[in-house]
Structure formats: C-alpha cells, structure tokens
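Undergrad: Sequence below, structure please.
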Amino acid sequence: MCGIVGVVSNNPVNQLLYDALLLLQHRGQDAAGIATGHGNKFAMHKANGLVRDVFRTRNMRSLPGNIGIGQVRYPTAGSTSEEEAQPFYVNAPFGIVLAHNGNLTNADELKIELFKNDMRHLNTDSDSEVLLNILAHQIQEVTSGYSLDPQSMFRAVSMLHRRVRGSYAVVAQIAGYGLLAFRDPFGIRPLCIGLSHTESGVEYMIASESVALEGLGFKFLRDVEPGEAIFIDLDGKMYNEQCAENPTLNPCAFEYVYLARPDSIIDGASVYLTRLKMGEYLADKVRHQFRDGEIDVVMPIPDSSRPSAMELAMKLNLDYREGFIKNRYIGRTFMMPGQAIRRKSVRQKLNAIKQEFAGKSVLLVDDSIVRGTTSREIVQMARESGAKRVIFASAAPPVQFPNVYGIDMPTRSELIAYGRSEEEVCREITADALVYQDVAAMKRSISDVNPLLRNIEASCFDGHYITGDVSAAYLDRLETARNNPRPDTEDMMRSQLNLNLAERGD
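TA: Residues are numbered from 1 along each chain as shown. This is a model prediction of the structure:
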C-alpha cells in the first residue's frame, strides 16, 4: 500500500509535493521520497520514515524544478530496505523516475524476462523497479531511443499492459518531456487528477486520493480510467488515451473499508458515505441477532470505523459513546511487522475511558478484523475497564484470503478468519459474541453510493482474484517466500536460465 503524487507547474513544486505526501501519509508510513525535474536533470531525496522526518530544510532546497513526483510507502513486495524507497530511477532511455502503488502478480517472471531478453539489470527485489524497467524498455522499443511524443508513450504503456499483471497506479517523470501517469486495466488501485489556476498558469496534480488535491486547493477533475494513460508536458498541455484492450473498473473494497481517508472520493463514491452504508447494513444483522436491551452502548474502534458505528447506533436507537482515545502518533497496527510489536502497539495506540465501560454490555465496532491481534487486545481492554459483556462487530466481512494487489496480508496462516468459523474467531478474540458484515452487503454499500460501481475487487473477502492469474499454487509460493529469506535476485535468474537451458538441451 502506497500513496503517490505527481505535479506539473510553472512554479517550484517541492513544497506542493511535500504537502501532498503529508495528506497521503495514512497510505504509507515506512518511507517517503520526492524526485523533481529541472531541465534534463533529476533531483531526488528519499529515506525510511515519516514525511516530516525524511525531509528537512536542506533536503527541500536540493529539490528544484517545476515538475516532480513523490511517494509514501508501506512495503508489500521486496523489503523494508531504504534502497527500496521510491521513486526509482533509470537513466535510459531519456531518464525516467517512477513511483508505483500496487503489486505485480507476475513480478518474478518479469524479472527473468528483463534479465534474459531485455538485458536490463535490477538492483532490488521491488516490483516497482520491475515496472520502471518494463516501461523504460517499451519506450525504447517504440522510439529507438530518439525523440519522444505522447503517442509513442501511449504505445509503450499499451505494450506494458500486455506484459504486466496485477495492480498498479503509476506516476512517472521523463527528463525533458513531462509527467506520465497510468492505471492498470482493472482499475484496482485509485488515481485521480486535478488542476489549479494560478497567476503563472495552470498547475496539474495527479494523486492516489482526491483529499490530496482538494487539501491543496486543486479542483478535482476526474479519476484516471482503468487502462488509461495521461501525459502532461512541461508547458502544461495534457494528453490522454485509453491504452488497454478491454478495461473494466474493479476498485478495491478495502480502500473503502479501511485504507482511504473518509473525506476522499474514489471512483465516484464518497468513502465516508460508503462507511455509513456499511453501518446501516451491519445494523440489520445486529437487529436480527440480539434482542432489545442486550446492548447498552455502541463504541467505535477509532478512527476508520467511526462512521459505521455512528450509523449503526442511530439505526438501532442505541447510545453512541467514544470509549477509546487514540494516540495518533502510533502507526496502523495491522501493517506492523511481528505479532509482539502489534500487541504492544495496540496498548500504546488506544486507551480506554473506564467510566464508559463499567457495568455495561458494549458493542464494539471495528472496520475489519485481519490478524485478530488488535481485536483481542481491545476486547481485553474493555473487560479490564469493567464491561460486563463485550460484543464485537466488523463492518467488513471475514478476511479469509491473502490480498495480492498491494495490501500487506499475503499469507493465509496470518489471517484469523482463514479456516475458522465465526464462532471460532469469536473465541480467539475472547469476545462474548461476534457479528460480521456480509460480502454482498459490503459491496452493496459501495454501489449504493455510486451505482456505476458494479464490480468490486474483494478478493481478500471472497477469494475471487480479478486478474485471473492467482492460483492456490501461487499463494503457496507467496507464503514460502514470506517465511523463508529470498535468494539473491541474480542468483534466482541464473538458476531459472540454467533450468531453461537444461529443458532445451543446451
């Protein structure tokens, strides 16, 4: 999961990019980076850490230019190494820097192709570096390394779409030419574009969420379409073209459930309104499972679940209370490495107001239950604060399958709902009762807000992988790779080449 942004302006863009990354900080807290262009040169600074810690005054001064891209990162492929912070750079053809949000499902095959056929070297395990080199190779193919125009870029993106599988929203800067952005043909990860009229001309911004545009005074224009590529040249002229053969819109359900800020609009659906709808449908389930008087109070687990909890309480005519206070300087716990760290972080992140729990039957509402570590700790905190009964409700369905499209839930064994019934999950998190949202109701919550969203990517809930290339064997390989250190990339490629030669009898 990452947040990306690109800007073209007639003014220096370093401050705009910095401010946009602050607005996208919720999408990645592991690393941050900015690359700007001035003339035919790039300036870049990136490092592990939060935006405010990565960029100091001296770093900002070293980022001149009127065009640039930035990224905040939480790693879902590769490692947490600072070398894998983005943007990535390649010097040929023309010089390209790229930032990517998503995850390539055929990255390992592409690494072999790049090494064997395209004669390109990779320096990290990041699939974003793979994507950059595929783009660079296809641009070189269509231009022979000479002049570049928008139509050539769009042909290169079309060729990239035919080679690459998975989810990807991309911003790339091409030295001396402009800003290129594109989205995968399934539209899984979000990307939108806005503009601002200034005294010196029109500025364009492309970002993961509309909140980054609106928070900086840009007018939201529209979402980038699935498979579409947009190019903005250095003079501020915009070109666009559909580059995929059969694009379909399948936005990720988890964006609406948890990832995106509630004040964002993604593919025409307000994240806040979809979460209200999730609370409305969850209220129907609670109403059928519990009698009047069994629940005294409804409490959210801050922050993502607050709209759902408020709507549920209103629909059931129950008291709504804030029972937990959040320390906003602790990262998102389901994305933290290691169960012990997550458990410790829950106690640091949330503190209970004991007076709100004492002697009450409490319905706790969370946006989702992934590994269950947070849920178990929260239930225990409620009991320690005097709750006589703790009922846990999830505004999302059980997370039973890995997400391979850019969210860090890659192994089945780490998911508390995998292979367990609701009753077993309830016992695992030590609640007195558990209520899950239905998959159909979650999807309906999104399509109710925007009826044009008929296909929702919900693989971590329903096991349907829209790209069609994720099998049980693929998931097994992911788990093996996660549980065992990966071999050096070039060693892996050499092994594969030797295997291919042996198969051919060479």
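Undergrad: use CA for all of it now, contacts and neighbours both
TA: Fine.
Undergrad: Domains in the chain, by residue range?
TA: With domains defined by automatic domain parsing, the chain comprises 2-249, 272-456.
Undergrad: Of those, which is nearest Glu479?
TA: domain 272-456 (5.3 Å; Cα to Cα).
Undergrad: Straight-line length of the closest one, end to end?
TA: 17 Å (Cα to Cα, to the nearest Å).
Undergrad: need the helices for the stretch 351-500 of the chain, in chain order.
TA: 354-357, 373-384, 422-428, 439-449, 459-462, 472-483, 489-504 (DSSP state H, counting those that start in this stretch).
Undergrad: So which of these is nearest Gly70?
TA: Ranking the helices of the stretch 351-500 of the chain by proximity to Gly70 (Cα to Cα) places helix 489-504 first, at 26.2 Å.
Undergrad: would you list the helices of the stretch 351-500 of the chain in CSV and tack on mean neighbour count?
TA: Written out in CSV, the entries for these read as follows (neighbours: other Cα atoms under 10 Å):
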stretch, mean neighbour count
helix 354-357, 18
helix 373-384, 21
helix 422-428, 16
helix 439-449, 20
helix 459-462, 20
helix 472-483, 13
helix 489-504, 13
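Undergrad: His137 is nearest to which of those helices?
TA: Of all those, the one in closest proximity to His137, counting by Cα to Cα, is helix 489-504 (18.4 Å).
Undergrad: Average pLDDT for the closest one, rounded please.
TA: Per-residue confidence for helix 489-504 averages out to 40 on the pLDDT scale.
Undergrad: tell me the most buried of the domains of the chain?
TA: The densest packing among the domains of the chain, expressed as mean neighbour count by mean count of other Cα atoms under 10 Å, is seen in domain 2-249 with a mean of 21.
Undergrad: quick one: terminal-to-terminal distance for that domain?
TA: Across domain 2-249, the terminal residues are separated by 20 Å (Cα to Cα).
Undergrad: so how far is that domain from its chain's centroid?
TA: On the basis of Cα atoms, centre = their mean, to the nearest Å, the separation between the geometric centre of domain 2-249 and that of its chain is 15 Å.
Undergrad: And stretch 300-313, by the same measure?
TA: Using Cα atoms, centre = their mean, the distance from the centre of stretch 300-313 to the centre of the chain it belongs to is 21 Å.
Undergrad: any idea of the mean pLDDT in that stretch?
TA: Stretch 300-313 shows an average pLDDT of 96 in the prediction.
Undergrad: hmm, back to that, determine which of the domains of the chain approaches Ile265 most closely.
TA: For the domains of the chain, proximity to Ile265 was assessed by Cα to Cα; domain 2-249 is nearest, at 6.0 Å.
Undergrad: Assign a three-state SS to the nearest residue to Asn246 once chain neighbours are set aside, would you?
TA: With sequence-adjacent residues excluded and distances taken as Cα to Cα, 6 or more residues apart in numbering, Asn246 is closest to Pro185, at 7.3 Å. With DSSP: H, G, I helix; E, B strand; the rest coil as the basis, Pro185 sits in coil.
Undergrad: Pro185 contacts Pro226, correct?
TA: Yes - Pro185 is within contact range of Pro226, at 4.6 Å (criterion: Cα atoms under 8 Å).
Undergrad: Considering the domains of the chain, which stretch scores lowest in mean pLDDT?
TA: Looking at these, the lowest mean pLDDT belongs to domain 272-456 (a mean of 91).
Undergrad: so how far is that domain off the chain centroid?
TA: With Cα atoms, centre = their mean as the basis, domain 272-456 stands 20 Å off its chain's centre.
Undergrad: just stretch 240-251 next, same as before
TA: That offset, for stretch 240-251, works out to 19 Å (Cα atoms, centre = their mean).
Undergrad: what about that stretch, how long is it end to end?
TA: Its start and end residues considered, stretch 240-251 measures 21 Å (Cα to Cα).
Undergrad: can you give me the helices in the stretch 101-250 of the chain?
TA: If DSSP H, counting those that start in this stretch is used as the criterion, the helices of the stretch 101-250 of the chain fall at 107-116, 127-143, 150-163, 210-214.
Undergrad: Summarise which helices and strands the third one is packed against.
TA: When you say that, I think you mean helix 150-163. Here helix 150-163 touches helix 127-143, strand 228-233, going by 3 or more Cα pairs under 8 Å, 6 or more residues apart in numbering; DSSP states H and E.
Undergrad: I'd like the distance between Asp235 and Ser147.
TA: From Asp235 over to Ser147 the distance is 17 Å, taken as Cα to Cα.
Undergrad: Let me fix that, I meant to ask about Leu180.
TA: Using Cα to Cα, which is the criterion applied here, Leu180 is 16 Å from Ser147.
Undergrad: counting contacts, what elements does the longest helix along the chain pack onto?
TA: Taking DSSP state H as the assignment, the helix of the chain that covers the most residues is helix 271-289. For helix 271-289, the helices and strands in contact under the criterion 3+ Cα pairs under 8 Å, 6+ apart are helix 306-316, strand 433-436, helix 439-449.
Undergrad: Can you tell me what sits against the second one?
TA: In this structure, residues lying in contact with strand 433-436 by Cα atoms under 8 Å, 6 or more residues apart in numbering are 282, 285-286, 390-398, 422-423, 426.
Undergrad: quick one: strands adjacent to that strand?
TA: Here the strand partners of strand 433-436, with direction, are listed using DSSP bridges: strand 389-394 (parallel).
Undergrad: tilt between the partner strand and helix 306-316?
TA: Using axes from the mean of the first three to the mean of the last three Cα atoms, to 10 degrees, the interaxial angle of strand 389-394 with respect to helix 306-316 works out to 120 degrees.
Undergrad: relative orientation of strand 389-394 and helix 271-289 in degrees?
TA: Using the same axes, to 10 degrees, strand 389-394 lies at 130 degrees relative to helix 271-289.
Undergrad: Need the distance between the two termini of stretch 135-154.
TA: As for stretch 135-154, its first-to-last residue distance stands at 11 Å under the measure Cα to Cα.
Undergrad: try stretch 314-325
TA: From its first residue to its last, stretch 314-325 covers 21 Å (Cα to Cα).
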